[in-house]
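**Student:** no FASTA, just this:
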Ligand code: UD1
C-alpha cells in the first residue's frame, strides 16, 4: 500500500490542468452497452474507479483499450449480463450497468452494493424506477435479478434527487417502448453529460439539464464518441488546497459555472476568484474568514466538497458550521483531522469547526475518497510531517494528485507503506 508524506508550510502557486470528470466517465462507459458498436471516450482520467469499471465491462464482454486518455470501446461482444459482488463492493457506481443491461439485453444480475464508508446508501430508487419501466425484479442472495421483454415508458417521480438512479432510469428509458417522464431528476452536470451522450447515440430526450426529463423511447441506438467534461470536484479540491495555504492558483480546463457554489463560498472566505472561459484563478488572502456551508443537490454546494471545506475552515479566523444535508454520516475525516489537532465537534449532520488552531503533523488514515483529500489539505498547513496512509482511496478519484500538488510547490511524496 502507498502513503503520502507531506511537509506542511509551503504556499501553493502555479497552474493545474483539471482532468476529465470521473463521475461523467463512470456514467458514459456503461452507456456503451446500449448499442453494439465502436466508441471513443476522450479526456478520461486515469483512476482506480475507471479501472474498476473497465474490468467490470470487460467481464461482460466489452473490449476496452486506453491510449492518451482515450478509451476505445467495442461493445459488439457482450455475452454476460452480470455485475458480480467483487466489482460492486469496490465501487458502487458499478450499479450503472443495471439499466443498460435490462434495456438492451432483457436481463441483468447486479450485486447489491451493501454499506459504504459513510453510512447507508440505499439503491431502492434504482430498483423502483426499473420496476416502473416494467422490469420484474427479485432480490436474491445479495443480488438484484432483473428481467424484461421490452421496457415500457412510465412516469417516474423520485422522492429524493439521486444522481445514480436518474442515470440508471435514463439509460433504461431510452430503449423503452413509449414515453417516460422522470420528475425530480438529478441535474448534476455529469447526468447532463450522460443525456447529451445518449442523444448523440440517437436517444430522444427532452428537458436535458432540467429536473424533468421526457424520453421518447427508440428501437435502436448507435455508437457515438464523447469527450468527458472537466472534473468539478478535482477543480474544487485544488482551489481549497491553494486557498488553505494562502496561495495563488490558475486552473485550466474547467467549466467555471459548474463550480459556482464553491467559488462563491471561496469569495466569502476572502479569496479573489476570477473566471474567464475555461479558466479559474484564485488568490487567497492572508487570513481566511470563516464561512458556513450546507451541502445540497446541484447547483448547491456539493457533498463531495464537504470534507475539503472543513479542512479549509481549519485555517479560518473563527468558527464555521458545515452541514451535510445529502449524506448525514459523512464525517469519517473528522476524527483523523482531530489527530492533527483540529477542533471540530459533530452534532448530527453538522460539524462545528473552530478554525485558527495550529495543526501538527502526524500519521492519519484515509477512509474514503474525499476524506483523504481533506487530510492532504490539512497536511499542507500542519507543522512538520503528515503521513497519509491508504492513499488507494485517493487514487480512486484524483489523477496524479501528488504530481499536480508538487508542481504547485507542495512538499508531498508517495512512498510504499509497511502497513497491511
Ligand atoms: C453520486 C456521486 C457521488 C456523490 C453523490 C451525491 C457518482 C458515481 N457518484 O453518487 O460522488 O457524492 O452522487 O452528489 O456519480 N438515495 C436513496 N436511494 C437510492 C439512491 C440514493 O435514498 O436508491 C439517496 C442517497 O442515500 C443520498 C441521496 O439519495 O442521500 C443522493 O445520492 P445519489 O445522488 O444517488 O448518489 P450516488 O449517485 O450514489
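**Tutor:** Noted; the coordinates are in hand. Please read these numbers as outputs of a predicted model, since none were measured by experiment.
**Student:** With adjacent residues omitted, what lies nearest to residue 160?
**Tutor:** residue 125 (6.7 Å; C-beta to C-beta, 6 or more residues apart in numbering). The way it works is simple: take the backbone N, C-alpha and C, and place the C-beta from them, glycine included.
**Student:** Quick check: the gap between that neighbour and residue 263.
**Tutor:** 30 Å (C-beta to C-beta, to the nearest Å).
**Student:** Comparing the two, which shows the higher neighbour count?
**Tutor:** residue 263 (22 against 19; other C-beta atoms under 10 Å).
**Student:** Tell me how far the more buried one lies from the ligand.
**Tutor:** Distance of residue 263 to the ligand, computed by C-beta to the nearest ligand atom, to the nearest Å: 18 Å.
**Student:** Give the burial count for the residue in the stretch 101-250 of the chain that the ligand sits nearest to, as a bare number.
**Tutor:** Closest residue of the stretch 101-250 of the chain to the ligand, C-beta to the nearest ligand atom: residue 164 (2.8 Å). Burial of residue 164 is recorded as 23 neighbouring residues (other C-beta under 10 Å).
**Student:** you'd agree it is up against residue 98?
**Tutor:** No: here residue 164 does not reach residue 98: they are 9.7 Å apart, not a contact under C-beta atoms under 8 Å.
**Student:** Give me the common contacts of the two.
**Tutor:** Contact criterion C-beta atoms under 8 Å, 6 or more residues apart in numbering; residues shared by residue 164 and residue 98: residue 126.
**Student:** sorry, back to before: tell me the contacts of the residue nearest to residue 160?
**Tutor:** 158-160, 162, 165.
**Student:** what's the nearest residue to residue 198 if we skip its chain neighbours?
**Tutor:** Per C-beta to C-beta, 6+ apart, closest to residue 198 is residue 174, 5.3 Å.
**Student:** Let's see the pLDDT reported for the one you found.
**Tutor:** Per-residue confidence (pLDDT) for residue 174: 98.
**Student:** can you tell if stretch 359-369 touches the ligand?
**Tutor:** No: Stretch 359-369 stays clear of the ligand (C-beta under 6 Å from any ligand atom), getting no nearer than 7.9 Å.
**Student:** distance between the ends of that stretch?
**Tutor:** Distance between the two ends of stretch 359-369: 22 Å, counting by C-alpha to C-alpha, to the nearest Å.
**Student:** Which residues does it contact?
**Tutor:** By C-beta under 8 Å, 6+ apart, stretch 359-369 touches 6-8, 116-118, 314, 332-333, 336-337, 339-342, 372, 375, 378-379, 381-394, 396-398.
**Student:** what does stretch 195-214 give?
**Tutor:** 28, 31, 34-35, 161, 166, 170-171, 174, 179-187, 192, 215-218, 220-226.
**Student:** could you pick out which of those are near the ligand?
**Tutor:** residue 186.
**Student:** This protein against the ligand: which residues are in contact?
**Tutor:** With C-beta under 6 Å from any ligand atom as the criterion, the chain comes near the ligand at residues 23, 26, 92-93, 121-126, 160, 162-165, 186, 190, 303-304, 326-327.
**Student:** Please pick the buried ones from these.
**Tutor:** 23, 26, 92-93, 123, 125-126, 162-165, 186, 190, 303-304, 326-327 (16 or more other C-beta atoms under 10 Å).
**Student:** residues in contact with residue 169?
**Tutor:** Residue 169 neighbours (C-beta under 8 Å, 6+ apart): 99, 126, 129-130, 133, 156, 180, 182.
**Student:** Which single one of those is nearest to residue 415?
**Tutor:** residue 126 (39.7 Å; C-beta to C-beta).
**Student:** Check the secondary structure at the closest one for me.
**Tutor:** helix (DSSP: H, G, I helix; E, B strand; the rest coil).
**Student:** show me what contacts it?
**Tutor:** Taking C-beta under 8 Å, 6+ apart, one finds 95, 98-99, 162, 164-165, 168-169 in contact with residue 126.
**Student:** Same check on residue 53?
**Tutor:** 25-26, 29-30, 91, 93-94, 96.
**Student:** quick one: least confident of these?
**Tutor:** residue 91 (92).
**Student:** what's the neighbour count on the spatially closest residue to that residue that is not a sequence neighbour?
**Tutor:** Once flanking residues are discounted, residue 91 sits nearest to residue 52: 4.5 Å by C-beta to C-beta, 6+ apart. The criterion is other C-beta under 10 Å. On that basis, residue 52 has 19 neighbouring residues.
**Student:** for the one 10 residues further on, same thing?
**Tutor:** One way to gauge burial is a neighbour count; for residue 62, by other C-beta under 10 Å, it gives 24.
**Student:** Going by neighbour count, list what's buried in stretch 147-160.
**Tutor:** Those would be 148, 151-154, 156, 158, for stretch 147-160 by 16+ other C-beta under 10 Å.
**Student:** Can I get the residues you listed in JSON lines including secondary structure?
**Tutor:** Listed next are the buried residues of stretch 147-160 as JSON lines, based on three-state DSSP:
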{"residue": "148", "secondary structure": "coil"}
{"residue": "151", "secondary structure": "coil"}
{"residue": "152", "secondary structure": "strand"}
{"residue": "153", "secondary structure": "coil"}
{"residue": "154", "secondary structure": "coil"}
{"residue": "156", "secondary structure": "strand"}
{"residue": "158", "secondary structure": "coil"}
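**Student:** Just put those residues in TSV and tack on pLDDT.
**Tutor:** Listed next are the buried residues of stretch 147-160 as TSV, based on pLDDT from 0 to 100:
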residue	pLDDT
148	97
151	98
152	98
153	98
154	98
156	98
158	97
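**Student:** tell me the contacts of residue 158?
**Tutor:** Residue 158 neighbours (C-beta under 8 Å, 6+ apart): 125, 129, 165-166, 182-185.
**Student:** just checking, residue 241 touches residue 12?
**Tutor:** Yes: at 6.2 Å, residue 241 counts as touching residue 12 under the criterion of C-beta under 8 Å.
**Student:** Which of these two has more residues huddled nearby?
**Tutor:** residue 241 (27 against 23).
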